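J.: Sequence first, then the predicted structure:
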Amino acid sequence: MRRSLVLGSLAASLVLFGLACSSSEEVSEDDPGASEDAVSTRNLMASQFGLKEKEVALTLDDGPGPRSVELAEWLAREKIPTTWFMVGKNAQANPRAVDRIVELSRQNNGLFIIANHSMNHQAKPLPTLGTQTTINEIMQADAVLKDDIAASQAVGFSGEPVSFFRPPYGALVSLGAANIDRVNAAGAAKYIGPVFWDIGGELKNGFAADWACWGKVTVGVCTDGYVAESVAKKRGIILAHDVHSKTVDMLTGTNGANGRSLILELKEKGFKFVSLRSNEQAVQTYGQNEANNAASTAATIAATINAQPGGRTLVDVKTTGGTKWTVAFDALDARTITQADQLVDVTLGAGSHYVTIAVLDASGAVKKQERFSFVVPAGIQPNSIATQGTAACVKLELLRQGQQFNIFHGKTTCGTQGAQQVPGMDECYKYKATLTSRRDPSLVGAHEWSAELDMKYAGVANDTSKVEFVIDSESGDIEGGRRFEWRTGTRQQPDAHFEITENKCNEGVWRGKIRYGNGSSEDFLYRRAQ
């Protein structure tokens, strides 16, 4: 589902992965899976799937979209194995597209695999929603997709169909000794995952990420980036999003691609497209090794990640149980850090990234290893595909740096001492703050924008609070947000989360609860300045 981004009201700011979003379920405060910033994941990538040099596997996220059938028919003609990581609600909304992809797979010896990408693709990553919500998101999508998952693999493969799962943003909480086992124990099909990617994650250094491309560069430049990354990495799982029309153009060479097809160019360079099921023994071996690694209590690893617009990324690493430590970004050269608790400062390109942290013993043997996923925001250009939302309130200019908004919180009875009435409404609140956009909004995923605002109260000097909100790109709905305190230019842990309960984007009104770290909460109302 396309969300073009929110418009003018407290525009949300995601920075990294932690948007707060409205959810029908409460997150248990004592649930270790509800950690906002330490997103522990063990993801499957090229090496775990046994991909050889010059082998690539195409994966498509977030569909089915408006042009998914067109793309599937093209891929079938070119005999390109593809795994379609579908969002459950989008599959429900477009069952004919799902049926056609399954039909094409059956006609082409299991060419396509339907896979699970969660039910709702929440703006907030699953790890931040808690264990039960994570399981529900996967299980609800499983109920929608399981027959199609099986039908897409009914021919061309021996044995039972395989169910693959990729979480939104590549982020999945560690749910136990092998995180996916908790999902399978809840009654799902035997899922394998989470499935990450090797190619298509970063818009920098000649590489590309399609969702970040469409806010900044042409189809041709984005194609060049995917080709360059494929050549540099020699093999890998390719990430793209079939909900974007320009991505379909890039893959097939249609419309704005001027006849250049990423698929055909990679084939011309000697790359072979293979299925995720081309080497199943490698996946099974990986799963066994990871279960053993997760069960180890010899060391611990935690990381808080602050990814800023422009690419500067601060990773606060905290470990126990080792004598040596390494940190590697996106499987590139690992750097050695000198102490168990250390702040690592790097600059990365816009897109999806991961950092792998390892604890080693004196001999250099790995005692524990964890991978943490995060997003570096991308710039949004006027009149780009990222600004083409349908809601009247999705207007880039309303979120530009310097724009001001008001937020009221602590609902009270009008007429009481200190009560402040909302202009034009019969409602009063204890507190009113002014929010000022501190930078232009950014893309933070295939469908989301983010914005960051300074929060000031009248008569309160030296306030350092910042507010971040995330907004649905098509409807203009705020999906959630967080308030942080900043010290010496660095974001601290969030001290409040905004849970949205009512969106009236076209009226410029958003309501919800502010939930504080001490367990208390109060009503809030955001209203666009009149």
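T.: All right, it came through fine.

J.: Break the protein down into its structural domains.
T.: Split into domains by automatic domain parsing, the chain comes to 43-280, 296-376, 385-527.

J.: Off-centre distance for the last one?
T.: A distance of 21 Å separates the centroid of the chain from that of domain 385-527, by C-alpha atoms, centre = their mean, to the nearest Å.

J.: Could you work out the end-to-end span of it for me?
T.: 27 Å (C-alpha to C-alpha, to the nearest Å).

J.: Look up how far residue 131 lies from the residue most central in space within the chain.
T.: Geometric centre of the chain, nearest residue: residue 169, 2.3 Å, by C-alpha atoms, centre = their mean. Distance of residue 169 to residue 131, computed by C-beta to C-beta, to the nearest Å: 17 Å. Every C-beta, even on glycine, is put in place using the N, C-alpha and C of the backbone.

J.: what does residue 495 give?
T.: From residue 495 to residue 131 the distance is 24 Å (C-beta to C-beta).

J.: between those two, which one's more packed in?
T.: Using other C-beta atoms under 10 Å, the more surrounded residue of residue 495 and residue 131 is residue 131, with 22 against 13.

J.: Do you know the pLDDT at that one?
T.: For residue 131, the pLDDT comes out at 75.

J.: And it, its phi and psi?
T.: Main-chain dihedrals, residue 131, degrees, to the nearest 10: phi -60, psi -50.

J.: Equivalent analysis for the one 4 residues further on, please.
T.: Note on residue 135: backbone dihedrals following degrees, to the nearest 10 are phi -60, psi -40.

J.: Residue 202 too?
T.: The phi and psi values for residue 202, taken as degrees, to the nearest 10, are phi -140, psi 130.

J.: Tell me what it is bridged to.
T.: In this entry, residue 202 is beta-bridged to residue 351, by DSSP bridges.

J.: Contacts only, for it.
T.: 208, 209, 229, 330, 348, 349, 350, 351, 352, 353, 376 (C-beta atoms under 8 Å, 6 or more residues apart in numbering).

J.: One more: residue 211?
T.: Here residue 211 is in contact with 241, 244, 351, 378, 443, 445, 446, 447 (criterion: C-beta under 8 Å, 6+ apart).

J.: Run a quick check on the second one versus residue 210, I expect a contact.
T.: Spelled out, that is residue 244. Yes - in this structure, residue 244 is within contact of residue 210 by C-beta atoms under 8 Å, at 6.3 Å.

J.: So for the two, which residue has more residues nearby?
T.: residue 210 (27 against 24).

J.: so what's that one up against?
T.: Taking C-beta under 8 Å, 6+ apart as the test, what residue 210 contacts is 200, 222, 226, 239, 240, 241, 244, 246, 247, 250, 446.

J.: coming back round to it: out of the contacts of residue 211, which is most surrounded?
T.: residue 443 (31 neighbours).

J.: mind checking how far that one is from residue 468?
T.: 14 Å.

J.: where along the stretch 151-300 of the chain do the strands fall?
T.: Ranges of strands in the stretch 151-300 of the chain, per DSSP state E, counting those that start in this stretch, are 163-164, 191-192, 202-203, 236-241, 272-273, 300-307.

J.: In its sheet, which strands sit next to the last one, and in what direction?
T.: To tie it back to what came earlier, the one meant is strand 300-307. By DSSP bridges, strand 300-307 pairs with strand 312-320 (antiparallel).

J.: just the angle between the very next helix or strand once past the strand it pairs with and strand 312-320, please?
T.: Using DSSP states H and E, the helix or strand that directly follows strand 312-320 along the chain is strand 324-329. Relative orientation of strand 324-329 and strand 312-320, computed by axes from the mean of the first three to the mean of the last three C-alpha atoms, to 10 degrees: 150 degrees.

J.: Now do the same for the helix or strand just after strand 324-329: mean pLDDT, whole number.
T.: Later in the chain than strand 324-329, the nearest helix or strand by DSSP H and E is strand 335-337. The pLDDT scores in strand 335-337 average 89.

J.: remind me which residues of the stretch 301-450 of the chain are low pLDDT?
T.: In the predicted model of the stretch 301-450 of the chain, residues 389-392, 394 satisfy pLDDT under 70.

J.: give me that answer again for 80
T.: 309, 331-333, 381-398, 445-447 (pLDDT under 80).

J.: before we move on, back to that, and for residue 244 and residue 210, which residues touch both?
T.: Shared contacts of residue 244 and residue 210 (C-beta under 8 Å, 6+ apart): residue 446.

J.: Give me the helices and strands touching the host helix or strand of residue 374, please.
T.: Element membership for residue 374, per DSSP H and E: strand 366-376. For strand 366-376, the packing partners by 3 or more C-beta pairs under 8 Å, 6 or more residues apart in numbering; DSSP states H and E come out as strand 40-41, strand 300-307, strand 312-320, strand 350-360.
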